[in-house]
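[1] 3D model of this:
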Amino acid sequence: AEAVAAMPSDMLYRRGELLVTLDVDKGSLTRVSRDRMARLVDKHAHTYKWVKPKGEAPKAVYCPIPSDLSGHLAEISPLESAVNHVDTVVSHPVVAREESGAFRICQPGYDAKACVYTLPHGADIVEDMPWEQCRDVLEDLLVDYPFQDEASYQNAVAMMVTLVVRPAVNTAPLFYVGASLAGTGKSKLVSDTISMAVMGRSANASTYKNSEEETRKYLESVLLSGESFVFIDNVPTGRMVDSASLAAVLTMANINMRILGETRESSVRNMLTLAITGNNTRLSHELARRACPIVLVPKDNRPETRDDFKHPHARTYARTQRGLVLSAIVSAARRWESLGCPEPLHMERVGSYEEWRNVVGGIMEHGLSYRRTMSNQANFMETSGDDSRDDADTLAQVFQACNGFGPGNARTHAQVYQLAADNELFQDYMDRCRSEDDTRRANYFKRRVMLPLRGTPTTSGWVFDTPDRGRNWFLRQHTAAPGVAIQMPSK
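    Just a heads-up that it's a prediction; the model follows:
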């Protein structure tokens, strides 16, 4: 602890239960390993041991810090009071909320109350911009994007507001930016316009992960790094996105993440904002109800050839407008605060995001006079949600209608797979299986469709039950009202 106390105060930080260092150039946090800790201690303090040469008096001799001691220091437990706690690193002005409810702008450097480190951003903020000018600045910034409706435009503005007030809310929804054709401007909107205008740089982008394990590891690495905003870019066309890890990050203010190479976990505060882009992308029910949809509609069948832009160099223009955009957002927040922070009157209740609704929705409605924020969410859920439950009902009806599938007749999972394939059910799951072998496809169908639905009755009343030790997979039809009840009995 004395060695750490000799280091500069901005050398080490605490992220949850882990020691981290801040890379100002990259704007991210990195976990301190044993070797890194040994080098840091060696740089700012010298460790000695006493030796007694033969025939001489004892003397102190320099020696490098032992690895077991550096590992003990890296465990953070003896240093909790000596190291500042940081939750996120931002490259733009952010607004934090005091216990009294008042807002304040976090100044560049470390903010101990908000646990935020703000990098030097050079943006001059005006906090009393007239609301008409605020709207003009934001509308001019986004004028070139073909939003489907006013709600999609206002949701894009809400994304920018969220990035600025994120330390003041515990959770934030998933910002989904979708279109029907490639080249409409989804990634450009997120990376070149919104990110550049607010953060002064492009947001870190990632590709869509094909497995839940890859998604979990990616999100944990992002949380550890203290990133404030990332987006998953260009989900494959028509893909249905479903991830328990993604849903957890969207709803939990604190995340228990596994420590790489260890069996223990560390709880970290979640201050991440997530966006996702894709063409005709569908979200599972769990993600769709956590989404703030921004839909772009191309003007023709070849949107990539469009040349009628008011601001043809979107990235450069967004950078030049950064001060005005941030001033517009902060001024709107101040206006809402001056009114007593009233709740939005026209924004529907959003489960798991009440605080976000009150703050961002209040700023949108009372600070900018926007009253259509999130008004397209219900329709988005109907058109984008997972169809597996509807397919389950259809499969039950097919069972009821097919000859030979009467009460008491047993069918293997391979026969159920073939029945679903013949009737074009569960296509999202069918398309994910890359193998052409029918046996492998049937086993994939069993794992991905039959087992996840086990114990989850649908409106038709069907339930899957696991037989002993996963052997002898059967489906049995029973007459029930309403619909058909299908059970997989034990051996």
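
[2] Neighbours of Pro120, how many?
    Neighbour count of Pro120, defined by other Cβ atoms under 10 Å: 9. Every residue, glycine included, has its C-beta placed from N, CA and C.

[3] And for Val126?
    Val126 is flanked by 13 other residues according to other Cβ under 10 Å.

[4] hang on, Val268 in a strand?
    Yes: Val268 sits within a strand when classified using DSSP: H, G, I helix; E, B strand; the rest coil.

[5] which residues does it bridge with?
    With DSSP bridges as the criterion, Val268 is bridged to Ile255.

[6] Check the contact between it and Asp87; I expect there is one.
    Yes: between Val268 and Asp87 there is a contact under Cβ atoms under 8 Å: 7.5 Å.

[7] Between these two, which contacts overlap?
    Residues touching both Val268 and Asp87 (Cβ atoms under 8 Å, 6 or more residues apart in numbering): Arg15.

[8] Next, the contact list for Arg97, please.
    Neighbours of Arg97 in contact, by Cβ under 8 Å, 6+ apart: Phe103, Arg104, Pro167, Ala168.

[9] can the residues you listed go into TSV with extra columns for neighbour count, distance to Thr373 and pLDDT?
    Putting the contacts of Arg97 into TSV (neighbours: other Cβ atoms under 10 Å; distance: Cβ to Cβ, whole Å; pLDDT from 0 to 100) gives the following:
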residue	neighbour count	distance to Thr373	pLDDT
Phe103	18	19	86
Arg104	13	24	90
Pro167	22	20	93
Ala168	21	17	93
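
[10] As a markdown table, these with distance to Thr47 would be great.
    Formatted as a markdown table, the contacts of Arg97 follow (distance: Cβ to Cβ, whole Å):
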| residue | distance to Thr47 |
| --- | --- |
| Phe103 | 46 |
| Arg104 | 42 |
| Pro167 | 39 |
| Ala168 | 44 |
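
[11] Retrieve the pLDDT associated with the nearest residue to Arg319 once chain neighbours are set aside.
    Distances taken as Cβ to Cβ, 6 or more residues apart in numbering place Met196 nearest to Arg319, at 5.4 Å, with adjacent residues excluded. pLDDT, Met196: 95.

[12] And for Gly27, the neighbour number?
    Count around Gly27 with other Cβ under 10 Å applied: 19.

[13] wait, I meant Thr316
    Using other Cβ under 10 Å, Thr316 has 12 other residues around it.

[14] Torsion angles phi and psi at it?
    phi -70, psi -40 (degrees, to the nearest 10).

[15] repeat for Tyr218
    phi -60, psi -50.

[16] Lowest-scoring secondary structure element of this protein by mean pLDDT?
    Lowest by mean pLDDT, DSSP states H and E among the helices and strands of the chain is strand 474-479, with a mean of 32.

[17] show me the contacts for Val169.
    By Cβ under 8 Å, 6+ apart, the contact list for Val169 reads Thr162, Glu355, Trp356, Val359, Val360.

[18] typed the wrong thing, it's Thr277
    Thr277 makes contact with Tyr176, Val177, Gly178, Lys186, Ser187, Val190, Phe231, Ile232, Asp233, Asn234, Val235, according to Cβ under 8 Å, 6+ apart.

[19] what would the residues you listed look like in CSV with distance to Leu345?
    Output for the contacts of Thr277, formatted as CSV (distance: Cβ to Cβ, whole Å):
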residue, distance to Leu345
Tyr176, 25
Val177, 27
Gly178, 28
Lys186, 31
Ser187, 34
Val190, 29
Phe231, 31
Ile232, 33
Asp233, 35
Asn234, 37
Val235, 35
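
[20] Quick check: of the residues you listed, which has the highest neighbour count?
    Among the contacts of Thr277, the one with the most neighbours (other Cβ under 10 Å) is Val177, at 29 neighbours.

[21] quick one: which helix or strand includes that residue?
    strand 174-179 (DSSP states H and E).

[22] mean confidence for that strand?
    Rounded mean pLDDT across strand 174-179 is 95.

[23] Ile125 touches Leu324, doesn't it?
    No: Ile125 lies out of contact with Leu324 (Cβ under 8 Å); the separation is 10.0 Å.

[24] higher neighbour count, these two?
    Leu324 (22 against 15).

[25] Against Val198, how distant is the more buried one?
    Counting by Cβ to Cβ, to the nearest Å, the gap from Leu324 to Val198 is 12 Å.

[26] Asp307 too?
    Relative to Val198, and taking Cβ to Cβ, Asp307 is found at 27 Å.

[27] between those two, which one's more packed in?
    Higher neighbour count among Asp307 and Val198: Val198, with 28 against 5, using other Cβ under 10 Å.

[28] Contact partners for that one?
    Counted by Cβ under 8 Å, 6+ apart, Val198 has contacts His92, Met160, Leu163, Val164, Arg322, Val325, Leu326, Ile329.

[29] Mind doing that once more with 6 Å?
    Shown in contact with Val198 (Cβ atoms under 6 Å, 6 or more residues apart in numbering): His92, Met160, Leu163.

[30] Could you do Arg315 as well?
    Contacts of Arg315 (Cβ under 6 Å, 6+ apart): Asp192, Met196.

[31] same thing but 10 Å
    Arg315 makes contact with Lys188, Ser191, Asp192, Thr193, Ser195, Met196, Ala197, Ser202 under the criterion Cβ atoms under 10 Å, 6 or more residues apart in numbering.

[32] what does Tyr110 give?
    Contact analysis of Tyr110 by Cβ under 10 Å, 6+ apart lists Ser9, Asp10, Tyr13, Leu22, Asn84, His85, Val86, Val89, Val116, Tyr117, Thr118.

[33] Wasn't it part of a strand?
    Yes: counting by three-state DSSP, Tyr110 is found in a strand.

[34] Now do the strands for the stretch 151-300 of the chain: every range, in order, please.
    Under the criterion DSSP state E, counting those that start in this stretch, the stretch 151-300 of the chain contains strands at 174-179, 204-206, 229-235, 240-241, 254-258, 265-269, 273-279, 282-283, 291-296.

[35] Present the ones you listed as TSV; the columns should include distance to Leu18.
    Shown next, in TSV, are those (distance: least, Cβ to Cβ, whole Å):
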stretch	distance to Leu18
strand 174-179	26
strand 204-206	20
strand 229-235	20
strand 240-241	29
strand 254-258	9
strand 265-269	6
strand 273-279	22
strand 282-283	32
strand 291-296	31
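
[36] between those strands, which gets nearest to Asp136?
    Ranking the strands of the stretch 151-300 of the chain by proximity to Asp136 (Cβ to Cβ) places strand 291-296 first, at 20.5 Å.

[37] Report the distance from that closest one to the chain centre.
    With Cα atoms, centre = their mean, to the nearest Å as the basis, strand 291-296 stands 15 Å off its chain's centre.

[38] so it versus strand 273-279, what angle?
    Angle of strand 291-296 versus strand 273-279, following axes from the mean of the first three to the mean of the last three Cα atoms, to 10 degrees, is 40 degrees.

[39] what angle separates strand 291-296 from strand 174-179?
    Angle of strand 291-296 versus strand 174-179, following the same axes, to 10 degrees, is 20 degrees.

[40] model confidence over strand 291-296, on average?
    Rounded mean pLDDT across strand 291-296 is 95.

[41] ok, back up a step: going by distance to Lys59, which of the contacts of Arg315 wins?
    Using Cβ to Cβ, the contacts of Arg315 come closest to Lys59 at Ser202, 57.0 Å.
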